Every structure is written in C-alpha cells, then in structure tokens.
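> Here's my sequence, what's the structure:
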Amino acid sequence: MDMRRLGRSDLTVSALCLGSMSWGSRNSAEEGHRQIDRALAAGINFIDTAEMYPTYPVKAETVGRTEEIIGDWVAASGRRNEVILATKVSGKNGGFIRDGKGYDGRIIPEAVDASLRRLKTDVIDLYQLHWPNRGSYHMRQNWAYDPSGQNRAETQAHMLDVLEVMQKVIDAGKVRWFGLSNETAWGTAQWLRIAEDNGLPRAVSIQNEYSLMCRHADLDLAELCHNEDVALLPFSPLAMGLFSGKYAPDVTPPNTRRAVESTLNGRITPRVWPAIDAYRAVADAHGLDVNTMALAWTLTRPFVASSIFGASDDAQLGAALAAADLTLSDDVLAALAEVHKAHPMPF
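Numbering: from 1, shown residues only. Model (predicted):
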C-alpha cells in the first residue's frame with residue numbers, strides 16, 4: 001500500500017481510505033468492524049467518518065451511530081495507534097444536528113467533545129468542516145450555483161472565528177490537524193490566507209467529490225492543491241456504485257443507496273448511462289474490473305493523497321482494495337481521457 005503525506009501535516013496516510021457512511025444503516029456494526037480489520041490487513045491506516053453518519057438515509061435517531069461503531073472497534077481492538085481517524089463537523093446541511101445551524105467558534109468545541117466520546121479516543125487526527133456554512137456548488141448544486149448573496153466580510157469573520165477555536169482544540173490536544181470538505185478554490189484560498197496572516201491552523205486537506213465522472217477539481221482546485229500543499233481526499237470515487245453495473249434506468253436492487261434516494265443525489269441523469277457504458281468498455285477491453293480501474297485512476301492524480309471508498313459487502317471491499325496494487329497502462333489512461341472528452345459532465 002502506497003503511503004502519502006497529508007499536506008503539510010505529519011500524518012502519513014494510505015493511498016486508500018476506508019469510508020464508513022453506511023455503517024449503522026445499510027451495514028451493521030459487525031460488518032463495519034470486519035471491514036476495518038480487513039482494510040488494516042491490506043495496509044490501510046486511514047478511516048473517514050462524520051458526526052452526521054450514517055447516511056442513506058440520514059435520520060435523527062441514527063446521527064452519530066457510525067462514530068460509535070468505530071469507537072466500539074477502537075475500544076475492543078486496542079489498535080487505536082494503528083489508525084488515523086478523520087471526522088467532520090456538520091455544516092448547515094446537517095439537518096437533525098443542532099437544528100441545521102452549522103458551526104462556529106461556539107459550536108465546534110462541543111462537537112469535538114461529542115465526537116471524541118463516540119469514537120472512544122482522546123484525539124481526532126483530522127477534523128474537517130463538512131460543508132461551508134455559506135453554501136457550495138458541490139453535489140449537483142453547480143447547475144444553479146449563485147454566490148452573489150455571499151458577504152465577503154461576514155465569510156472572512158466566520159473563518160477567523162473558526163480558525164481561532166480550531167487552534168484552541170488543537171492546543172488542548174483534542175485535534176491534531178484541520179481539513180476542509182466540499183469547499184471551493186476561492187474558499188480554500190481564503191482559509192489558507194487567514195490562517196497564515198494570523199498564525200492559526202492551516203488546512204492540510206480538502207475532501208471533495210472526485211471521480212472519472214465528477215472532475216470539478218481538475219482545474220482551479222488542482223492548481224491550488226499543488227501550489228499550496230493541500231491534499232485532495234476524493235469521496236465517491238466510484239460514483240456511488242454507478243460503475244458497478246448494478247443499476248440501469250429501470251433497475252434498482254434492494255438495499256442499495258438508490259433504493260433510498262432515487263437519483264443518487266442527482267447523479268442519475270440520461271447522460272450517465274452512456275458514460276458508464278463507455279468506461280466499462282475500457283475496463284473490459286483491458287481485462288480490468290471497472291470499479292478497481294476507476295478507483296486506481298484517482299490515485300494517478302498528482303494532487304490526490306488518499307481516495308475514500310465505501311463498500312456494502314466483501315466483494316466490493318475486495319475490488320476496492322485491489323486498486324492499491326493496480327498500475328494503469330498508458331493505453332488505459334489514454335482511453336479514459338478520450339471517454340472523459342466524450343462524456344465530460346454526465347451528472
């Protein structure tokens with residue numbers, strides 16, 4: 001397993017990160033624990049979660065359950081020092097959490113303490129802001145994105161407030177490093193500038209959606225990540241299971257994400273099916289598993305530190321783990337680039 005430094009931090013993370021958002025909804029605690037054990041045996045040392053998990057669906061009665069499942073594993077295994085734990089504080093999209101108020105300097109210490117209790121640990125290795133309070137163009141919001149209602153001074157004051165309290169929780173030994181999620185290039189640049197101007201914690205990573213079919217990060221954000229040493233942590237690198245072939249326009253298997261959310265948060269469009277067929281054709285032509293290929297592709301991107309995948313069963317976990325040992329040939333990479341040109345924004 002390739003190991004990579006996370007931004008300017010002292011964290012060295014595995015190229016693959018085990019995502020956990022289905023633990024406590026579609027996957028049981030026991031299944032989650034087995035996934036952790038198998039992932040660690042394969043060389044993974046990085047687990048990502050969030051206070052709002054599990055998802056699909058997010059429910060008031062299950063918020064925080066995924067962190068509890070991980071905490072139970074930590075307590076039972078005694079292997080806390082073998083894993084880097086990342087979690088997130090919810091933004092205003094948090095729904096059931098704090099009535100959707102998002103986060104600020106007052107809320108973050110409470111949220112950190114709650115996550116520490118659920119994770120049964122003394123320190124969170126990477127603490128991330130799940131969504132910008134001001135809004136975002138991610139998760140298909142790009143089609144109607146309008147930042148003209150934002151107030152620059154208020155945004156910057158909020159960032160300073162958050163960074164000041166992030167320094168306090170780091171000084172208290174409760175958090176090691178700070179990261180972003182679902183951010184923009186401008187927003188990330190502001191977080192970095194304000195941190196540097198005030199001697200406050202610098203974001204070491206940004207967790208945004210990134211896959212063969214969702215490539216917003218390729219342009220301005222990629223440039224920022226490279227020049228500012230901010231590591232991209234792709235989520236949904238397998239496009240929420242769309243590559244697997246289990247879905248079709250009129251096919252939705254039970255106990256899948258699409259069975260709960262029919263559009264997979266806007267990923268189901270008329271354009272997505274020919275794109276899937278084209279990517280699967282590349283995999284078939286080169287004797288590759290399409291899921292393994294898609295995940296391995298994200299690891300070829302120079303601004304990616306660790307790609308976050310989730311698995312519903314052992315077969316999916318095995319296909320994902322195989323990506324760590326797959327080197328894509330120049331012919332495969334060229335073919336994937338041609339598919340991207342033909343199907344640039346399928347959702």
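> Sort out which residues of stretch 25-33 are buried, please.
For stretch 25-33, a neighbour-count test (16 or more other C-beta atoms under 10 Å) marks 25-27, 29, 31-33 as buried. Every C-beta, even on glycine, is put in place using the N, C-alpha and C of the backbone.
> Just the pLDDT at D99, thanks.
Here, the pLDDT recorded for D99 equals 87.
> now do G95
At G95, pLDDT is 70.
> tally of neighbours for it?
14 (other C-beta atoms under 10 Å).
> ok, now which ones touch it?
Residues near G95 by C-beta atoms under 8 Å, 6 or more residues apart in numbering: 52, 58.
> Look up how far G105 lies from it.
Going from G95 to G105 by C-beta to C-beta, to the nearest Å gives 22 Å.
> again with F303
Plainly put, F303 is 30 Å away from G105 if you go by C-beta to C-beta.
> Neighbour count for the two, which is higher?
Taking neighbours as other C-beta under 10 Å, F303 and G105 compare with F303 leading, 20 against 15.
> can you give me the strands in the stretch 101-250 of the chain?
124-129, 175-181, 205-207, 231-232 (DSSP state E, counting those that start in this stretch).
> Just put the ones you listed in a markdown table and tack on mean neighbour count.
A markdown table is the format used below for these (neighbours: other C-beta atoms under 10 Å):
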| stretch | mean neighbour count |
| --- | --- |
| strand 124-129 | 24 |
| strand 175-181 | 24 |
| strand 205-207 | 28 |
| strand 231-232 | 24 |
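> closest one to K341 among these?
strand 231-232 (21.8 Å; C-beta to C-beta).
> Assumed Y53 was part of a strand.
No. The assignment for Y53, made by DSSP: H, G, I helix; E, B strand; the rest coil, is coil rather than a strand.
> how about it, what does it touch?
By C-beta under 8 Å, 6+ apart, the contact set of Y53 is 20-21, 23-24, 63-67.
> Can you flag which of those belong to helices?
Among the contacts of Y53, the members found in helices (DSSP state H) are 65-67.
> Quick check: of those residues, which lies closest to K168?
E67 (21.4 Å).
> what's the neighbour count on the closest residue to the closest one other than its chain neighbours?
Among residues not flanking E67 along the chain, R118 sits closest, at 3.7 Å (C-beta to C-beta, 6 or more residues apart in numbering). Residues near R118, counting by other C-beta under 10 Å, number 20.
> now do A322
17.
> can you tell me which residues contact it?
289, 292.
> go on, L129?
L129 makes contacts with 88-89, 91, 103, 162, 179-181, 183, as judged by C-beta under 8 Å, 6+ apart.
> Report the rounded mean pLDDT for the helix ranked longest in the chain.
Looking across the chain with DSSP H, the single longest helix is helix 152-171. Taken as a whole, helix 152-171 has an average pLDDT of 98.
> Model confidence for I47, exactly?
According to the model, I47 scores 98 on pLDDT.
> make that N81, sorry
At N81, the model reports a pLDDT of 97.
> now do H33
Value for H33, per-residue pLDDT: 98.
> My read is that it contacts W73, right?
Yes. With contact defined as C-beta atoms under 8 Å, H33 counts as touching W73 (4.9 Å).
> give me the number of residues near V74?
Using other C-beta under 10 Å, V74 has 19 other residues around it.
> In this protein, what residue spans correspond to helices?
29-41, 65-77, 107-119, 152-171, 185-198, 220-228, 257-260, 272-285, 290-299, 314-321, 330-342.
> Fine by me, thanks again.
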